[in-house]
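Enquirer: Quick one, fold the following:
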Amino acid sequence: MNLTCALLLFIAGYLVKLNDDEIDRDKRRRAELRHALIAIVSSLLILYVFLFGDVEELLMAVVLAAVFMGKVDNLAHGILAASVIIGFVMLGGYIDINMLLFFFVAAAVDETDLPVIRGYRPVLKLATLYPALLGYYSPLIAIVVFDAGYIAKSVAEKISKKH
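Expert: Residues are numbered from 1 along each chain as shown. Got it, this is the predicted structure:
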């Protein structure tokens, strides 16, 4: 994974958390225009990483798990998921089906509401260790960088509330 893709995944993680937080604050769970725009920007960043980041299986597995586990519960999530899936198909991306299924199962388990993993989503993170042990570090880097962006949004919010 190159530095550009890592940076874009960090930004995408930040934007996804930004959208999640804003939509969660709205009790009606409706997405407004700004949420749709953030979802489109996030999907474009993810599609760039599809093209140049060597983590297609991981990213597609996360999107598909969210769809199949019923976590796409508002328009912004739908736009993000549909844009990524349609964009990938239109770009003619290649996916190793075995790695896709491996990461899909891990991501789907993380999307369940098991008390022991709620809030942490450790299964997919642990799953990325397997390819890393085989010398394929891109999925591990991708999940760490995306999650760092996701966490950075919460940290930035806490810092801004103190000032």
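
Enquirer: The longest helix along the chain - what's its average pLDDT?
Expert: Counting residues, the longest helix found in the chain (DSSP state H) is helix 138-162. Averaging pLDDT along helix 138-162 yields 93.

Enquirer: And that helix, what's buried?
Expert: Ser138, Pro139, Leu140, Ile141, Ala142, Ile143, Val145, Phe146, Asp147, Gly149, Tyr150, Lys153 (16 or more other CB atoms under 10 Å). Placement of C-beta: from N, CA and C, glycine included.

Enquirer: swap in stretch 4-24?
Expert: Here stretch 4-24 shows 5-6, 8-20, 23 as buried, counting by 16+ other CB under 10 Å.

Enquirer: of all the residues you listed, which comes closest to Gly53?
Expert: Closest approach to Gly53 among those (CB to CB): Cys5, at 3.6 Å.

Enquirer: Might you report the residue contacts of that closest one?
Expert: Tyr48, Val49, Phe52, Gly53, Val55, Ala142 (CB atoms under 8 Å, 6 or more residues apart in numbering).

Enquirer: what residue ranges in the chain score low on pLDDT?
Expert: 27-31, 119, 163 (pLDDT under 70).

Enquirer: can you give me the helices in it?
Expert: 3-25, 33-52, 56-68, 75-91, 97-110, 122-127, 129-133, 138-162.

Enquirer: Let me have those in TSV, extended by distance to Val116.
Expert: Putting the helices of the chain into TSV (distance: least, CB to CB, whole Å) gives the following:
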stretch	distance to Val116
helix 3-25	22
helix 33-52	29
helix 56-68	18
helix 75-91	25
helix 97-110	11
helix 122-127	9
helix 129-133	19
helix 138-162	19
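
Enquirer: Enumerate every residue touching the nearest residue to Lys153 once chain neighbours are set aside.
Expert: Leaving aside its chain neighbours, Lys153 sits nearest to Lys17 (3.9 Å; criterion: CB to CB, 6 or more residues apart in numbering). With contact set as CB under 8 Å, 6+ apart, Lys17 has these partners: Gly149, Tyr150, Ile151, Lys153, Ser154.

Enquirer: What of Asp96?
Expert: Contacts of Asp96 by CB under 8 Å, 6+ apart are Glu57.
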